[in-house]
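Student: Need a 3D model of the sequence below.
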Amino acid sequence: MSYSDIPFDIQEEWRVLVAEIQMHNQLYYEEDLPLISDGEYDALYRRLVQLERRFPGLVTNESPTQGLHIRLKEKTEEVAHLFPLYSLESVYSMKEVEQFVTRTSKAQEGERVSYVVEGKIDGLTLALFYKKGKLLSASTRGNGIVGENVTKHIQNISYIPFEINFDLMPEELEVRGEVYIEKHDFEEFNRCRSIQGESVFANPRNAASGALRQLDPDQVAHRGLKFAIHGVWPEIEHSYSAAIDLLKTLGFRMPLSYGSGTTPETLMHYFEEASSKRDSLTFEIDGLVYKVDDWKQRNRLGHRAKSPRFAVAHKFPAQSSITVLEDIQVQVGRTGILTPVAVLSPILLGGVQITRATLHNEDEIAKKDLRIGDRVRVQRAGDVIPQVCEVVYPKYRNTLAHDTASSFVFPSECPACQGPVIRFQGEVARRCISGLKCPAQKIWSLYHFVSKEGMDIQGLGPKNVRSLYQAGILTELVDLFNLSQNKDHWMTLEGWGKKSIDGVLRAIEYQRYNISVGAFFYALSIPNVGKVTAHFLAEHFTPETLINISKAELQEMLKDIQGIGVVLAQSISNFFHHNASKIQEILKYLFFKRIKNTLVFLPLQGKRVVFSGKFQHATRRDLMKRAQYLGASVGEHISKHTHYLVIGSDPGSKYAKAQTLQVETLTEEEWMIFLEAFSS
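Tutor: Next up, the predicted model:
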């Protein structure tokens with residue numbers, strides 16, 4: 001099939017892929033500033049290979065499949081490599097590992113093949129050129145033929161010897177490896193940049209590149225850069241592993257060598273072991289590398305245009321990938337917040353199939369210019385909820401999306417109850433203000449109402465609450481106090497028996513007389529009101545007061561209280577205005593526990609105290625309760641209104657902020673001594 005016979009949409013996709021891959025080649029190999037992960041790059045490259053195999057008429061000399069076509073930056077001093085510095089082909093499955101072993105074994109005329117297994121350190125490739133045992137130059141990978149001269153920057157990189165025993169080596173020698181930065185050094189590097197007002201690096205590889213190429217050479221010593229070998233040219237000794245062993249005796253280092261194997265099963269065993277221990281390493285690896293050990297066997301296999309045939313990189317499952325944004329759905333949470341959720345074409349991230357991801361709020365959608373039909377990059381790091389990071393090809397929407405990508409319009413009414421939706425000043429989220437009348441908020445509110453921090457009804461976890469909700473027994477908060485009237489129906493439900501039902505009823509009866517006003521306020525799921533604010537609110541109002549005064553009057557009263565701003569006052573007043581009748585029904589069943597204080601005076605009355613860190617002599621909760629007993633208002637954040645910060649070990653950012661605001665800071669021991677003066 002000639003080029004003119006190839007469908008236009010295929011031609012256009014090929015052109016887009018070529019342009020994108022060439023751009024990423026330039027960024028990765030020359031600028032050392034990759035914008036996408038290796039997994040994402042491999043997906044693009046594999047798609048290009050698929051198109052060219054299906055339509056051979058697409059292939060030209062400029063295609064990335066035919067070799068690297070990148071240029072070095074202007075005014076860059078170039079260094080030619082002794083032998084081309086190839087990149088490695090990536091594999092992702094047991095099947096591909098088996099294919100690699102089969103392919104490399106077939107070419108060996110019946111000889112047994114041994115494969116060396118090494119960790120693939122995620123760093124910056126560096127080539128060190130020695131002549132007669134002396135280091136003359138250091139260069140980046142560049143385009144594989146020539147690289148950028150960075151010799152002046154390597155003086156303080158660990159494990160780079162500047163002179164080696166010439167008697168053991170050929171006159172000219174090139175040692176290849178990775179410059180990398182360990183995790184703790186990476187964190188410190190970013191911390192220093194943040195303090196100086198500079199942008200932080202996204203990952204250790206970028207940090208290593210930035211430290212090596214952009215800093216003053218004298219500063220490299222402070223960045224903790226290290227060098228790990230993974231190759232040598234020309235061939236020395238009888239095998240690759242013997243060559244590496246010799247280089248180690250000369251001062252080089254290979255921090256992660258797993259051993260060797262001859263079968264796919266052995267290689268996979270190493271891979272599974274490395275995957276399970278990956279997070280415990282002091283540096284980042286993104287997979288393993290399998291290499292034919294014997295030099296002669298390697299030479300029989302040779303090289304492709306971009307990669308050797310005798311080695312592959314077995315990558316860990318991707319933590320980010322590219323997929324299609326099929327739809328955007330809006331969910332309603334416990335406090336009425338409308339959260340957009342991305343519906344995605346299925347992808348595997350970290351070995352888990354992902355079909356949905358959070359979009360946070362409408363501002364994020366607008367900021368990223370997300371449209372239904374876009375190809376997007378999705379990230380799942382540290383086993384957190386998947387997130388849509390960015391649109392991958394916004395300028396090629398019409399050719400890469402399923403259909404023409406369409407802008408998303410955020411709903412102006414609640415998708416669950418069709419009630420009004422409001423975005424309060426200073427908030428990024430829209431909220432349904434129907435409160436307990438909204439069915440979507442109702443089920444979440446039921447979960448929260450009976451939780452440990454709310455009514456604390458033992459035996460009513462989320463699963464059991466849903467069971468009662470679906471049976472129509474518990475559909476409103478007030479139904480909790482009438483469950484005994486539905487006992488016969490309750491007994492018929494799966495998982496319930498007389499003993500478990502009686503236990504729940506006893507817990508409800510006990511809490512009717514023992515819940516505090518603060519716990520009740522928290523149990524109601526008032527928007528923006530956490531535990532501390534709920535108890536603070538209880539110090540100033542009774543529930544009856546909040547539901548019996550006008551919305552405007554309540555809002556003014558709330559704004560006069562220190563610590564409650566305009567947004568929070570508006571949120572609280574709206575909630576009690578919309579839910580007054582439902583709260584009134586609940587109050588008929590409750591007899592609040594009155595917390596009495598036997599002290600003649602409250603020494604911490606009017607004082608705001610914040611706790612931060614890990615404490616040795618008491619739990620944080622106990623320390624907070626004790627402070628409240630002495631009249632203090634316990635806060636969660638440091639502000640100019642904070643009087644004391646009590647710190648344990650690892651106090652975090654609160655300590656630094658307290659120092660800036662000149663807030664008095666006490667250690668746990670100092671705080672305990674302070675409290676002893678008021679012990680009864």
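
Student: Which segments of the protein make up each domain?
Tutor: If you go by automatic domain parsing, the domain ranges for the chain are 3-66, 78-315, 320-407, 455-587, 608-676.

Student: L446: which of the ones you listed is closest?
Tutor: Of all these, domain 455-587 sits nearest to L446, with 5.2 Å by C-beta to C-beta. C-betas here are computed from N, CA, C, even on glycine.

Student: Correct me if wrong: L546 contacts M557.
Tutor: No: taking contacts as C-beta atoms under 8 Å, L546 lies outside contact range of M557: 9.5 Å.

Student: Comparing the two, which shows the higher neighbour count?
Tutor: L546 (22 against 17; other C-beta atoms under 10 Å).

Student: ok, now how distant is that one from S573?
Tutor: According to C-beta to C-beta, to the nearest Å, L546 stands 9 Å off from S573.

Student: what do these two both touch?
Tutor: L554 (C-beta atoms under 8 Å, 6 or more residues apart in numbering).

Student: wait, G224 sits on I181?
Tutor: Yes: using C-beta under 8 Å, G224 is in contact with I181, at 5.8 Å.

Student: tell me, what's touching the two both at once?
Tutor: F189.

Student: So which of those two has more stuff around it?
Tutor: Set G224 next to I181 and count neighbours by other C-beta under 10 Å: I181 wins out with 30 against 20.

Student: Low-confidence ranges, the stretch 251-400 of the chain, go.
Tutor: 318, 350-351, 380-385, 393-400 (pLDDT under 70).

Student: Ok, the stretch 551-680 of the chain next?
Tutor: 560-563, 593-602, 677-680.

Student: Which parts of it are helices?
Tutor: Counting by DSSP state H, counting those that start in this stretch, the stretch 551-680 of the chain has helices at residues 551-559, 566-578, 580-587, 620-629, 653-661, 668-676.

Student: what's the angle from the shortest one to helix 551-559?
Tutor: Same thing as helix 580-587. Between helix 580-587 and helix 551-559, the angle comes out at 70 degrees (axes from the mean of the first three to the mean of the last three C-alpha atoms, to 10 degrees).

Student: circling back: any idea which of the helices of the stretch 551-680 of the chain is most buried?
Tutor: Each of the helices of the stretch 551-680 of the chain was scored by mean neighbour count; the highest is helix 566-578, a mean of 20, by mean count of other C-beta atoms under 10 Å.

Student: contacting residues around that helix?
Tutor: 422, 424-427, 433-435, 437, 524, 526-529, 533, 537, 546-547, 551-552, 554-555, 558-559, 564, 583.

Student: swap in stretch 611-621?
Tutor: In contact with stretch 611-621 (C-beta under 8 Å, 6+ apart) are residues 623-624, 626, 634, 645-652, 654-655, 668-669, 672.

Student: One more pass at 6 Å, please.
Tutor: Outside stretch 611-621, the residues that touch it by C-beta atoms under 6 Å, 6 or more residues apart in numbering are 623, 646-651, 654, 668.

Student: Please apply the same query to stretch 137-144.
Tutor: Residues outside stretch 137-144 that contact it (C-beta under 6 Å, 6+ apart): 29, 68, 70, 79, 84-85, 125-129, 147-151, 154.
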